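1. Sharing a sequence plus its predicted fold:
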Amino acid sequence: MELMLSENAAEILIVNENRYQCAFDEIDAGLIITDQYDNIQFVNKTASLLLGNSKDELLNYRLDIFYHSVPDISIEAFIHYSCRQESQVSQLPYTFKILQVPDGRAIPIEEKITYLLDPANEPNGKFIQFKNLTKIRESEIKSFSSKESYLKILEDGPFLICRLNTEGQFNYFNNKWLEFTGRCIDDEIYRGWISKIHPDDRPEFEKILNIAFEEKKNLKTDFRLLNRDGEYSWLFCNLHPFNDITDNYSGYIFICADITDRKTMETELRQAKELAEAANNAKGTFFSNMSHEIRTPLNSIIGLTEVVLDTKLDDEQNKFLRIVKQSSYTLLGLLNNLLESAILDENKEELYERNFYLPEIISAIFDQFQFQADETNLSLSYKIEENTPCQLFGDYFKLQRILMNLLSNAIKFTEAGFIRLRIYSEQSPGFENTGVPKIRLHFVLSDSGIGIPEDKFEMIFENYTQVDSSRTRRFSGAGLGLAIVKKLTELMHGHVWLESKLGKGSCFHVALDLRIALTIK
């Protein structure tokens, strides 16, 4: 891979995208840069052509939609790897992969992934470089037509190689094999080496051998083999049938690679995943139990406060009790968010759809926030546009949670001015001429608050994340509200996005497809 770029070049590419786009388009290696959420931020012409999509179709979409690479364990990859000099192999930062693209093609590539860091040394994205090896592979395969080249790959290659003849006897082992096992050829020949396979893996290996003789096709298997240190190492083995010079079937070539490190990593990853899942389940159980335990007395506080507020009070007492009530609702909202976030993370949340009357839902939500708005002289209002159906069918509880989190967020970051909710409808795409009474309902919440920097748009929808995460930040909160908005909106098959400028307010959009209810039960 001659035309590969450094990590510094990746940073330059991000900063000067327009300036360097033409230059990078001429490189015969594919270049992709993602952000910390794995969304594609830059792609050059070569990458676009290999993936079969235009740049506009790739940018700002998740990498895994278009780019998926898996280890290349084909015979061609072994030959290609063997063509490298030993000094190149030991220093090579690239890996051989098969790129599986959405149109069904499988392209052999040489891949390098560099993880980018921000000034605080935190992960900030990936820089992927990859090169199409199809033509190179074809040329290398042709070059092995001579006996000398064939012997060279067997003896000097970096893989353990042995040969199985048509009688079921192993009659050849290369130097790498003997060096790995520490045994002489007399110990390995015929079927002697099979006794050194781990007892748990031997039955499966014997089964693979029988299949090989019956079907005469390329096969793959993993097993543990006793090495020169008296320990078991994992080998990946590619069984490749071959013909003699008269083109008659002549047995199998076994090409094996030591994958002990990979197996160890897979085991550690699996254990880490199991621990993470156990911790997540414990977290969910804890949040659920604690939320219920705290909500019980909190509901009593709210209920008794409302009772006292209905009695004769002076202005100061009324004000203090309304603060108690609002603070209780704030705490209740935080508990609900913690519990809801845990449930959503475990994918246990379900839709409970029923008939509801939209103005009733909106009015109740705004009533809860009116006191907070009054305290800061905020103008809090909503408008349901004419011709917007109000008798609907859907999960109105989740709709309430979406709007309450958006309103809570807007009030928190708006110190003066206004907060306005506009609701309007349009025909839902995909439901024309189907006879299904369905609409797309738009909720547009705008405010005159502090605004959000454009580079933080995606980040604010992540769990426990705030634009200002410093110890001296001005605004409180757990950073769950907008993450829950996004998860609930997606659960309802909707979409959420925002428009904002720093210092000039924000505008959040939520679009949901809901059915029209003919009657309200």
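-> Here it is on my side, so go on.

2. Every contact and neighbour count from this point should use C-alpha atoms.
-> Noted.

3. and residue 68, how many neighbours?
-> Residue 68: 14 surrounding residues under other CA atoms under 10 Å.

4. Residue 266 now?
-> Around residue 266 sit 12 other residues, with neighbours defined as other CA under 10 Å.

5. what do you get for the one 3 residues further on?
-> Burial of residue 269 is recorded as 12 neighbouring residues (other CA under 10 Å).

6. Could you check the pLDDT of it?
-> Here the pLDDT value assigned to residue 269 is 81.

7. what about it, which SS state?
-> Look at residue 269: counting by DSSP: H, G, I helix; E, B strand; the rest coil, its state is helix.

8. any idea how far residue 448 is from it?
-> 47 Å (CA to CA, to the nearest Å).

9. cool, and residue 47?
-> Here residue 47 is placed at a distance of 42 Å from residue 448 (CA to CA).

10. just residue 186 next, same as before
-> If you measure residue 186 against residue 448 using CA to CA, the figure is 84 Å.

11. Check residue 409 too.
-> Remark: distance between residue 409 and residue 448 (CA to CA) = 12 Å.

12. Those two: which has the busier surroundings?
-> Counted by other CA under 10 Å, residue 409 and residue 448 do not tie: residue 448 has more neighbours, with 21 against 15.

13. phi, psi of the nearest residue to the more buried one once chain neighbours are set aside?
-> Leaving aside its chain neighbours, residue 448 sits nearest to residue 505 (4.2 Å; criterion: CA to CA, 6 or more residues apart in numbering). The phi and psi values for residue 505, taken as degrees, to the nearest 10, are phi 90, psi 180.

14. Count the neighbours of residue 505 for me.
-> The burial count for residue 505: 21, using other CA under 10 Å.

15. isn't it right up against residue 446?
-> Yes: here residue 505 lies in contact with residue 446, judged by CA atoms under 8 Å, at a distance of 7.4 Å.

16. How many residues are close by residue 194?
-> 17.

17. now it, nearest residue through space, not along the chain?
-> residue 202 (7.5 Å).

18. ok, the residue of the chain positioned farthest from its centre - contacts?
-> Each residue of the chain has a distance to the centre, and by CA atoms, centre = their mean the biggest one is for residue 312: 57.2 Å. Applying CA atoms under 8 Å, 6 or more residues apart in numbering, we find residue 312 in contact with no residue.

19. Checking it next. Helix, strand or coil?
-> Of the three states, residue 312 takes coil according to three-state DSSP.

20. Distance of it relative to residue 30?
-> Distance from residue 312 to residue 30, by CA to CA: 75 Å.

21. tell me which strands and helices the helix or strand in which residue 402 is found is in contact with?
-> Element membership for residue 402 (DSSP states H and E) is helix 396-412. Judged by 3 or more CA pairs under 8 Å, 6 or more residues apart in numbering; DSSP states H and E, the packing partners of helix 396-412 are helix 358-375, strand 438-447, helix 481-491.

22. Now do the buried residues in the helix or strand just after it.
-> Next helix or strand after helix 396-412 toward the C-terminus (DSSP H and E): strand 418-427. By 16 or more other CA atoms under 10 Å, the buried positions in strand 418-427 come out as 418-421, 423-425.

23. From residue 318, how far out is the residue farthest from the centre of the chain?
-> Per CA to CA, residue 312 is found 9 Å from residue 318.

24. How about residue 285?
-> 38 Å.

25. what does residue 310 give?
-> When distance is defined by CA to CA, residue 310 is 10 Å away from residue 318.

26. Tell me which of these two has more neighbours.
-> The residue with more neighbours, out of residue 310 and residue 318, is residue 318; 16 against 10, by other CA under 10 Å.

27. And what about that one, helix, strand or coil?
-> Classification of residue 318 by three-state DSSP places it in helix.

28. nearest residue to residue 134 other than its sequence neighbours?
-> residue 108 (6.0 Å).

29. Tell me the one of the buried residues of strand 418-427 nearest residue 160?
-> residue 425 (67.0 Å; CA to CA).

30. So for that closest one, what's the pLDDT?
-> So residue 425 comes in at 90 (pLDDT).

31. That concludes my questions; thank you for your assistance.
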